[in-house]
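Student: below: sequence and its predicted model.
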Amino acid sequence: MDDLYRKAAESAEYIQKRLTTKPQIGIVLGSGLGPLVNEVKEQIEIDYGDIPNFPIPTVEGHAGKLIAGEIGGKPVLVMKGRFHFYEGYDISQVVFHIRVFKLLGISHILVTNAAGGVNRDFSPGDLMLITDHISFFAPSPLRGKNVDEFGVRFPDMSEAYNKELIAMAEKTAGELGIKLQKGVYAFTQGPMYETPAEIRALRILGADAVGMSTVPEVIAARHAGMKVLGISCITNMAAGILEQPLSHEEVMETAKKVEARFVSLVNKLISNWNV
């Protein structure tokens with residue numbers, strides 16, 4: 001048995017023993033978006049540190065807790081805190097939870113993040129549906145020996161973000177009167193923010209937003225055959241656009257301001273998912 005598969009199976013077995021229902025939807029919460037867990041009904045909370053082989057997040061705004069329960073009548077498993085490449089983890093550790101989700105039988109994943117706006121038509125506080133991504137700047141989470149139990153050696157990425165889920169999100173946002181942007185998310189390694197020259201280059205490449213997470217998780221999820229929806233909270237404009245310094249405090253403050261819209265959208269969206 002492959003060592004990665006064995007470790008993921010140990011984690012999944014531990015988590016399953018703590019649960020009372022079988023989760024269908026996995027949710028990964030980005031910086032400042034953790035309050036969504038307050039909407040989870042009949043909560044079961046598991047500290048990452050108690051789960052065999054699980055990494056521990058080190059970033060402010062990432063609590064390091066797995067929350068099981070229901071949102072919108074659907075059984076969910078919520079990651080309150082994720083793992084980043086810049087924390088020093090190997091790329092396989094960054095996506096370890098996605099492999100565990102796969103072994104738990106999860107079929108749909110919602111990934112969220114705080115992102116910098118590259119598109120000049122965006123404003124801090126916007127919510128953006130991710131339609132595609134750019135990822136040239138870190139190792140692939142599929143690097144190394146393929147684990148056939150997770151997926152094929154050369155997975156297709158032509159629809160990394162599920163078009164049906166994107167259309168449903170647009171419809172749901174319209175019903176709630178919530179404005180949504182759509183665009184391409186660029187993944188960079190961090191933890192430093194990008195330079196103005198890097199942002200100009202990313203804009204030329206077609207990026208609308210930039211951040212330091214999400215893409216490795218999406219690659220691993222698609223490798224495993226899961227359907228993915230991605231939502232970015234535009235918490236600041238990227239370097240060089242407003243000619244002002246960037247800070248993590250600004251990211252957290254803006255995420256708090258959009259909390260109510262984000263929570264109402266996710267609540268209704270998940271209740272409408274056919275899983």
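Tutor: Sure, I can see it.
Student: could you pull out the helices for the stretch 151-275 of the chain?
Tutor: 163-176, 196-205, 215-223, 248-257, 259-272 (DSSP state H, counting those that start in this stretch).
Student: give the other helices and strands that the shortest one contacts.
Tutor: In this structure, helix 215-223 packs against helix 91-94, helix 96-103, strand 108-117, strand 180-187, strand 227-237, with contacts taken as 3 or more CB pairs under 8 Å, 6 or more residues apart in numbering; DSSP states H and E. Bear in mind the C-beta positions are built from the backbone N, C-alpha and C, glycine included.
Student: what lies in contact with stretch 117-124?
Tutor: 126, 128, 181, 183, 186, 199, 202-203, 207-210, 234-238, 241, 250, 254 (CB atoms under 8 Å, 6 or more residues apart in numbering).
Student: what's the weakest-modelled helix or strand in this structure?
Tutor: Within the chain, judged by mean pLDDT, DSSP states H and E, the helix or strand with the poorest mean is helix 248-257; its value is a mean of 71.
Student: buried subset of the contacts of stretch 117-124 as a ChimeraX selection?
Tutor: Only the buried members of those enter the following ChimeraX selection, criterion being 16 or more other CB atoms under 10 Å:
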select :126,128,181,183,186,199,202,203,207,208,209,210,234,235,236,237,238,241,250,254
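Student: run a quick neighbour tally on residue 153.
Tutor: Residue 153 has 10 neighbours, counted by other CB atoms under 10 Å.
Student: show the contacting residues for the residue most central in space within the chain.
Tutor: In the chain, the centroid-proximal residue (CA atoms, centre = their mean) is residue 111; its distance is 2.7 Å. When contacts are counted by CB under 8 Å, 6+ apart, residue 111 touches 28, 130, 214, 217, 218, 221, 228, 229, 230, 231.
Student: which strand residues bridge it?
Tutor: residue 28, residue 230 (DSSP bridges).
Student: against residue 186, how distant is it?
Tutor: Taken as CB to CB, to the nearest Å, the spacing of residue 111 relative to residue 186 amounts to 15 Å.
Student: please apply the same query to residue 175.
Tutor: 30 Å.
Student: same check, this time on residue 148
Tutor: From residue 148 over to residue 186 (counting by CB to CB), the distance is 31 Å.
Student: same question for residue 52.
Tutor: For residue 52 relative to residue 186 (CB to CB), the value is 34 Å.
Student: what does residue 258 give?
Tutor: On the measure of CB to CB, residue 258 and residue 186 end up 21 Å apart.
Student: residue 172 now?
Tutor: 26 Å.
Student: now residue 264
Tutor: Look at residue 264 and residue 186: by CB to CB, they are 28 Å apart.
Student: past the helix or strand harbouring residue 66, which element shows up next along the chain?
Tutor: Taking DSSP states H and E as the definition, one finds residue 66 inside strand 65-71. As assigned by DSSP H and E, the chain's next helix or strand after strand 65-71 is strand 74-80.
Student: which neighbouring elements make contact with that next one?
Tutor: strand 25-29, strand 65-71, helix 259-272.
Student: which of the residues in the next helix or strand after the shortest one are buried?
Tutor: The one in question is strand 25-29. Scanning forward in sequence from strand 25-29 by DSSP H and E, the next helix or strand is strand 41-47. If you call a residue buried by 16+ other CB under 10 Å, then strand 41-47 has these buried ones: 45, 46.
Student: centre of the chain versus stretch 156-176, how much separation?
Tutor: 15 Å (CA atoms, centre = their mean, to the nearest Å).
Student: how long is stretch 153-169 from one end to the other?
Tutor: 31 Å (CA to CA, to the nearest Å).
Student: just stretch 152-164 next, same as before
Tutor: Terminal residues of stretch 152-164 lie 23 Å apart, using CA to CA.
Student: and stretch 253-263, by the same measure?
Tutor: For stretch 253-263, the end-to-end distance is 16 Å (CA to CA).
Student: and for stretch 150-170?
Tutor: End-to-end distance for stretch 150-170: 30 Å, by CA to CA.
Student: cool, stretch 28-42 as well?
Tutor: Distance between the two ends of stretch 28-42: 19 Å, counting by CA to CA.
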